[in-house]
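J.: Provide a 3D model corresponding to the input given below.
(one chain, ligands or ions: 1)
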Amino acid sequence: MKIFLTGGAGYIGSVLTRELVKAGHDVTVYDTFYFGKEALNDVEEKVRLIRGDIRKMTEKDVEGQDVVIDLAAMSNDPAGALNPALTESVNYRGRVHVAMLSKKVGVKKYIAPSSAGNYGWSEKPVNETSQVSPITTYTISNHKWEQDILPMSDKNFCVTVLRQSTVYGVSWRMRFDIIVNDFTLQVFRDKKITIKGNGMEFRPFVHIKDDCQAFIKVIEADEALVNKEIFNVGTIGQSLRIKDVMERVFKTLNIEPNYGFGEFIDKRNYIMDCSKIARVLGFKPKYTVEDGAKEVYKALEDGFLKVDDPKTVTLKWYKSLIEKGLMPSS
Ligand SMILES: NC(=O)c1ccc[n+]([C@@H]2O[C@H](COP(=O)([O-])OP(=O)(O)OC[C@H]3O[C@@H](n4cnc5c(N)ncnc54)[C@H](O)[C@@H]3O)[C@@H](O)[C@H]2O)c1
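T.: Numbers count the residues shown, from 1 in each chain. Okay, here's the model as predicted:
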């Protein structure tokens with residue numbers, strides 16, 4: 001199949017690109033390359049790369065594609081807060097533009113990689129029918145995007161929303177600003193973990209390779225099963241307190257726990273019910289937080305990942321691009 005990935009040079013995109021190439025698909029990556037193209041170096045010859053901003057994408061870019069996976073975004077709350085006007089423009093209007101173009105040129109499936117962060121705070125486990133409570137520019141944009149694109153679906157245009165858990169594991173565009181990866185880096189570098197808040201909140205997690213499998217399941221699924229549907233991506237067993245994740249990382253790496261807490265007050269806390277994706281698509285994660293911590297630690301030991309790579313913390317990297325005038329202001 002011909003698959004078009006916006007944001008395909010990012011953390012999830014650079015792993016998903018390889019999984020799709022491995023599965024025999026014809027892949028095009030459309031990206032501003034804010035983190036460069038290096039993450040795709042060894043697959044560059046097997047994929048088509050287009051440098052571009054999704055807000056300026058044209059029909060010609062996406063014509064002839066079977067599936068569009070729209071990963072391009074300011075990809076977390078702090079990066080989304082850096083320039084709210086830009087975040088709203090890319091994450092909401094830009095991605096709606098991609099969906100509209102896709103529908104217009106006859107793309108069959110549009111997959112929207114949204115976030116579990118939309119649920120915000122809930123005392124009870126959340127499923128796809130639960131109330132969402134987006135409060136940040138990032139989650140509000142996600143929610144508005146979901147609301148605009150789902151009604152675009154019809155018998156010729158299949159729209160599926162994937163509300164992804166917080167992802168962990170090694171990628172060619174590594175992110176150390178997400179919990180399991182961050183904790184593993186801290187252990188490797190400092191033999192100590194500092195949690196930003198009190199660590200008592202629950203959050204859902206998924207390994208990057210399992211996350212990619214969720215996309216592949218949707219690509220391969222009969223449209224009747226996934227059209228106009230939202231799926232939580234993960235498994236309820238990996239909805240964990242942040243403090244528990246920390247303890248698991250120490251235990252897995254066989255390091256005596258040494259930790260501290262910060263002042264951050266987290267407004268996200270929820271256990272995510274992921275039974276729908278298991279039931280409808282047979283999605284079953286293979287990897288655990290422990291697997292993620294081990295592989296990230298090993299990649300640091302081997303030098304595949306660098307402790308001080310400035311691109312691995314999205315917010316800091318975007319700040320540096322803004323200072324150098326390398327990111328649009330709106
Ligand atoms: N990583 C996670 O834990 C996680 C969890 C839930 C949801 N998500 C969502 O999944 C998507 C991908 O996340 P990621 O972790 O790979 O993020 P990432 O920041 O690593 O990748 C985003 C990619 O989009 C590109 N990009 C940014 N703005 C663009 C624009 N205007 N036009 C074209 N390309 C643009 C960047 O250059 C980058 O390569 C995002 O929407 C993110 O919010 C990620």
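J.: so which residues on this structure come close to the ligand?
T.: Proximity of the chain to the ligand (C-beta under 6 Å from any ligand atom) is limited to residues 6-7, 9-13, 31-35, 53-55, 71-73, 75, 90, 94, 113, 115, 164, 166-167, 173, 175, 178, 314. Quick note: C-beta positions are derived from backbone N, CA and C, even for glycine.
J.: strands of the stretch 201-330 of the chain, start to end?
T.: 202-207, 229-233, 239-241, 259-261 (DSSP state E, counting those that start in this stretch).
J.: elements contacting the longest one?
T.: So that's strand 202-207. Contacts defined by 3 or more C-beta pairs under 8 Å, 6 or more residues apart in numbering; DSSP states H and E place strand 202-207 against strand 166-168, helix 179-190, strand 239-241, helix 242-253, helix 289-302.
J.: hmm, back to that, of the residues of the chain next to the ligand, grab the buried ones for PyMOL.
T.: To isolate the buried members of these in PyMOL, using 16 or more other C-beta atoms under 10 Å:
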select buried, resi 6+7+9+10+11+12+13+31+32+33+34+35+54+55+71+72+73+75+90+94+113+115+164+166+167+173+175+178+314
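J.: what about the residues of the chain next to the ligand, which are in strands?
T.: Counted as lying in strands by DSSP state E, out of the residues of the chain next to the ligand, are 6, 31, 113, 115, 164, 166-167.
J.: contacts only, for the residue nearest to residue 194 when sequence neighbours are not counted.
T.: Setting aside the residues directly before and after it, residue 194 is nearest to residue 260 in space (C-beta to C-beta, 6 or more residues apart in numbering), at 4.8 Å. By C-beta atoms under 8 Å, 6 or more residues apart in numbering, the residues touching residue 260 are 192-195.
J.: residue 260 and the ligand, how far apart?
T.: Noted for residue 260: a distance of 24 Å to the ligand, by C-beta to the nearest ligand atom, to the nearest Å.
J.: that residue and residue 119, how far apart?
T.: Here residue 260 is placed at a distance of 28 Å from residue 119 (C-beta to C-beta, to the nearest Å).
J.: what do you get for residue 13?
T.: 24 Å.
J.: circling back to that earlier point, dump the helices and strands packed on strand 202-207 to a markdown table, plus mean pLDDT.
T.: Conversion of the helices and strands packed on strand 202-207 to a markdown table gives the following (pLDDT from 0 to 100):
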| stretch | mean pLDDT |
| --- | --- |
| strand 166-168 | 98 |
| helix 179-190 | 98 |
| strand 239-241 | 98 |
| helix 242-253 | 98 |
| helix 289-302 | 98 |
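J.: what's the burial count for the nearest residue to residue 103 once chain neighbours are set aside?
T.: Leaving aside its sequence neighbours, residue 103 sits nearest to residue 157 (C-beta to C-beta, 6+ apart; 4.6 Å). Residue crowding around residue 157 was assessed by other C-beta atoms under 10 Å; the count is 20.
J.: backbone dihedrals for residue 157, please?
T.: Residue 157 adopts backbone torsions of phi -130, psi 110, taken as degrees, to the nearest 10.
J.: thought it was touching residue 102?
T.: Yes: under the criterion of C-beta atoms under 8 Å, residue 157 makes contact with residue 102 at 7.4 Å.
J.: contacts only, for the residue of the chain found nearest the ligand.
T.: Nearest residue of the chain to the ligand: residue 10, at 2.0 Å (C-beta to the nearest ligand atom). Residue 10 makes contact with 31, 35, 39, 71-72, 75, 173, according to C-beta under 8 Å, 6+ apart.
J.: which parts of the protein are helices?
T.: 11-22, 59-62, 77-82, 84-87, 95-105, 137-149, 179-190, 208-220, 223-226, 242-253, 275-281, 289-302, 314-323 (DSSP state H).
J.: dump those helices to a markdown table, plus distance to residue 269.
T.: Converted to a markdown table, the helices of the chain look like this (distance: least, C-beta to C-beta, whole Å):
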| stretch | distance to residue 269 |
| --- | --- |
| helix 11-22 | 24 |
| helix 59-62 | 38 |
| helix 77-82 | 14 |
| helix 84-87 | 23 |
| helix 95-105 | 27 |
| helix 137-149 | 14 |
| helix 179-190 | 14 |
| helix 208-220 | 21 |
| helix 223-226 | 29 |
| helix 242-253 | 10 |
| helix 275-281 | 20 |
| helix 289-302 | 18 |
| helix 314-323 | 22 |
